[in-house]
Every structure is written in C-alpha cells, then in structure tokens.
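> no FASTA, just this:
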C-alpha cells in the first residue's frame, strides 16, 4: 500500500511537471509580433536585453511606440524573444531595406 502511494505521488509530480513545462519554456520567436508574418532575422530591435525580430522594417516603429503590447502578443503566441548576442549589446537596431512584397504589407502601409 505504501509503495502504491509513492508511485501515485511520483506520477502526479511528473504529470504536473509536464503540464507546466510548456508554459515555462516558450518556443523561440518565429513570427513578427506586429504583423504576425514570418520573421526576417536581419530586421530587429533590441529592448531590455532581448532581441525582437520583425517581418519588415515598417514594423519597428509600431513596436517602439508600445513595446510591452507587442511583447505580450509574443507571449500569447507562446514565443519568447532571444537574448541580445553579447557581441551586439549596446548597438542600435539594424533596420534593413523595406520589401513591399512581404506578407501583410498592405495592412501596415496604410
């Protein structure tokens, strides 16, 4: 009987660990928090030690207006921004040329 209780408690602990593991370990960012399209790793902004990637340079000003809104959006998408690479800390964002053919361009171009 005592062994059964031990197995039940161990099983319950493993179950709870697996349930919460998904919320603790969010996936790396693959979508733009502004437009929701695929990210381009050459287009990003650094904010509070994190690097946030975007689908196009036009999304950076929207992010800079309200970064917490878009960080919350990433969290809702179960994605986590990457840490700023050590060699890039202190550098400003590196906006690239705006490609008008990217996914969702018509929505933010207005």
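Yes, it's here. Predicted model only: the values in this text are computed from it and were never measured.
> so where's the protein shaky on pLDDT?
Within the chain, the segments meeting pLDDT under 70 span 1, 3, 7, 12-24, 89-110.
> what about the helices in it?
With DSSP state H as the criterion, the chain has helices at 2-24, 59-65, 67-76, 105-108.
> mind listing what residue 45 touches?
Shown in contact with residue 45 (Cβ atoms under 8 Å, 6 or more residues apart in numbering): 51, 52, 54, 60, 63, 64, 93. Heads up, the C-betas are built off the backbone N, CA and C, glycines and all.
> what sits closest to the fourth one if chain neighbours are left out?
Ranked by Cβ to Cβ, 6 or more residues apart in numbering and with sequence neighbours excluded, the top spatial neighbour of residue 60 is residue 45, at 5.2 Å.
> where is the longest strand in the protein?
The single longest strand within the chain, with elements called by DSSP state E, is strand 40-47.
> please identify the buried residues of that strand?
Buried residues in strand 40-47, defined by neighbour count with 16 or more other Cβ atoms under 10 Å: 40, 43, 44, 45, 46, 47.
> next: stretch 58-78.
58, 59, 60, 62, 63, 67, 70, 71, 73, 74, 77.
> just these now: which is nearest residue 4?
Closest approach to residue 4 among those (Cβ to Cβ): residue 77, at 41.7 Å.
> who touches that closest one in this structure?
If you count contacts by Cβ under 8 Å, 6+ apart, then residue 77 has 31, 33 around it.
> quick one: it from residue 27, how far?
Distance of residue 77 to residue 27, given as Cβ to Cβ, to the nearest Å: 9 Å.
> before we move on, what about residue 66?
Taking Cβ to Cβ, one finds residue 66 at 23 Å from residue 27.
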